[in-house]
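**Student:** Build me a structure from this.
(one chain, ligands or ions: 2)
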Amino acid sequence: MGNRTFAMIKPDAVESGKWGKIIDHIIAEDYKILGVKMQRMSEAEARAFYAVHKERPFYEELVEFMSSGPSVLLVLEKADAVPAWRDTIGATDPAEAAAGTIRAKFAENKGRNAVHGSDSDENAQKEIAFFFSEAELILNQ
Ligand code: CDP
Ligand code: MG
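**Tutor:** Ligands and ions are numbered 1, 2, ... in the order given. The predicted structure follows:
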């Protein structure tokens with residue numbers, strides 16, 4: 001397994017101010033932050049980023065939400081980063097997320113669920129490259 005994943009703090013958690021506590025949680029769980037930027041996705045970027053879901057009934061709402069305000073984009077490093085981060089964030093629906101996970105603590109509902117995490121090493125690489133150049137990452141910390 002790879003040691004990098006792509007994470008986002010979504011517009012709900014930026015707007016509500018919960019994003020600082022989420023950054024604390026990330027640091028407390030010993031992820032190394034290789035890259036970070038705050039950016040409001042255009043509608044076109046949100047469509048492209050979530051293109052895998054374009055046939056799903058929630059796609060239009062998801063695109064609208066993800067382009068509604070700024071997100072915090074993160075490249076995280078840890079051993080087995082993809083499954084580790086999925087464990088850290090919990091299930092998509094906060095009602096089903098394990099206690100102590102970021103979504104259990106900070107998500108509003110299944111759509112506005114505070115954070116994103118890549119679902120495979122291949123997608124982690126693609127998602128990192130969607131927003132970051134290799135030169136923007138802080139290596140050898
Ligand atoms: O984010 P995650 O990988 O856990 O879930 P996903 O199935 O890849 O769905 C991507 C995002 O679409 C979710 O994080 C939700 O924001 C949204 N979604 C939704 O609004 N309604 C659903 N029934 C499923 C997902
Ligand atoms: Mg997903």
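
**Student:** Around ligand 1, pick out the residues from this protein.
**Tutor:** Taking Cβ under 6 Å from any ligand atom, the part of the chain that reaches ligand 1 is made up of 53, 58, 62, 92, 110-111, 113, 116, 119. Quick note: C-beta positions are derived from backbone N, CA and C, even for glycine.

**Student:** Which pair of these spans the longest distance?
**Tutor:** Farthest pair in the residues of the chain next to ligand 1 (Cβ to Cβ) is Gly111 and Asp119. Separation: 17.4 Å.

**Student:** quick one, phi/psi of the closest residue to Ala98 other than its chain neighbours?
**Tutor:** Nearest residue to Ala98, sequence neighbours excluded (Cβ to Cβ, 6 or more residues apart in numbering): Gly90, at 5.3 Å. The phi/psi pair for Gly90 (degrees, to the nearest 10) reads phi 90, psi -180.

**Student:** so Gly90 touches Arg103, yeah?
**Tutor:** Yes. With contact defined as Cβ atoms under 8 Å, Gly90 counts as touching Arg103 (4.2 Å).

**Student:** between the two, what contacts are shared?
**Tutor:** Ala97 (Cβ atoms under 8 Å, 6 or more residues apart in numbering).

**Student:** What residues does Glu64 make contact with?
**Tutor:** Glu43.

**Student:** you'd agree it is in a strand?
**Tutor:** No. Glu64: not assigned to a strand; according to DSSP: H, G, I helix; E, B strand; the rest coil it is helix.

**Student:** gap between it and Met41?
**Tutor:** With distances taken as Cβ to Cβ, to the nearest Å, Glu64 is found 11 Å from Met41.

**Student:** And Ile128, by the same measure?
**Tutor:** From Ile128 over to Met41 (counting by Cβ to Cβ), the distance is 15 Å.

**Student:** Glu29 too?
**Tutor:** 25 Å.

**Student:** who touches the helix or strand where Met38 lies?
**Tutor:** Following DSSP states H and E, one finds Met38 within strand 32-39. Outside strand 32-39, the residues that touch it by Cβ under 8 Å, 6+ apart are 4, 14, 26-27, 70-78, 128, 131-132, 136-139, 141.

**Student:** buried ones in the strand or helix carrying Asp87?
**Tutor:** Assessed by DSSP H and E, Asp87 sits inside helix 81-89. By neighbour count with 16 or more other Cβ atoms under 10 Å, helix 81-89 contains the buried residues 81-85, 88-89.
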